[in-house]
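Chemist: take a look and give me a structure for this.
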Amino acid sequence: MEDLTGGQFPPSALRYRNAAITSGGLDRLNGLPRNTHGNYQFIRSPTTLLDGLAWLPDGFFDLVYGQCLLLTLPKKDYKAMVSHAWRVCKPGGYVELTELDPILYAQFPLGKLTRWLNQRMLCVTKKQRLDPTMARHLQDLFFELLIQDQPSRQRQHYEVAYTSLPLGVWGGRIGVTFRDDLHDLWDALKVATLPVKSEEDPLSEQEWEDMTGTLDDTLDTEKCFMNLYQFYTKKHA
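Modeler: Below is the predicted model:
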């Protein structure tokens, strides 16, 4: 369940040569990823990721891994994806999710611009029926599944962690990389330019482009960051 929009094979196929790696998703290039290897298979779904998962048999994978799907799947579909991920995982296998909480946090109090961007993020994602706040509660999505899978008198094991990602020059090279990725995310979601029912009108494309320099300076001044959450559990054998 990795994003293969760019038509590339996942790095895991190179890292684990002796493992069979399968990815699924929408192939917007109308073809398989350009670079493939003998241990890698791409399952193309012409409609949705859920449709691609639905036809997979139960207990098919040793490891099911999903990343950055909260900002592409509506809340209802995301919950269905979680159920499918659990279903296709083998007994004794593992399920892991990595999701970004796209809300800005900072070491200093957030200013007017960053508070505005946070409000716009919540409004825009709500309009698109997305719920990025679920990144903070990934374990809750699995609670019922874990209870059903739990043998009597045995505690179900899972782990939840998060990593804070610096945004801007203050975070060094990695901070600049994450900042540039964040700009791409804002543009893809039209966070600043999409009309929503709010007190303030959206910006024009030119106004948003002109704000880039000021925004980057603000991210550095306030030492902003975002949190990346990881959930990991083992299915009972």
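Chemist: need the contact list for residue 118.
Modeler: 103, 104, 110 (C-beta atoms under 8 Å, 6 or more residues apart in numbering). Using the backbone N, CA and C atoms, a C-beta is placed for each residue, glycine as well.
Chemist: that one and residue 101: what is the separation?
Modeler: Applying C-beta to C-beta, to the nearest Å, the value for residue 118 to residue 101 is 11 Å.
Chemist: remind me what the biggest strand by length in the chain packs against, helices and strands.
Modeler: If you go by DSSP state E, the chain has its longest strand at strand 89-106. If you count contacts as 3 or more C-beta pairs under 8 Å, 6 or more residues apart in numbering; DSSP states H and E, strand 89-106 packs onto strand 61-67, helix 75-88, helix 112-127, helix 138-149, strand 224-234.
Chemist: comparing those, which comes out most buried?
Modeler: Most buried of the helices and strands packed on strand 89-106, by mean neighbour count (mean count of other C-beta atoms under 10 Å): strand 224-234, with a mean of 20.
Chemist: partners of it in the sheet?
Modeler: Strand 224-234 pairs in its sheet with strand 89-106 (antiparallel), strand 158-166 (antiparallel), by DSSP bridges.
Chemist: for residue 145, which of the ones you listed is the nearest?
Modeler: strand 89-106 (9.0 Å; C-beta to C-beta).
Chemist: what about that closest one, average pLDDT?
Modeler: The average pLDDT within strand 89-106 is 94.
Chemist: ok, now stretch 131-141?
Modeler: 91.
Chemist: begin at 53 from now on, thanks
Modeler: Renumbered: residue one is now 53, and that last one reads stretch 183-193.
Chemist: run the chain-centre distance for it.
Modeler: 11 Å (C-alpha atoms, centre = their mean, to the nearest Å).
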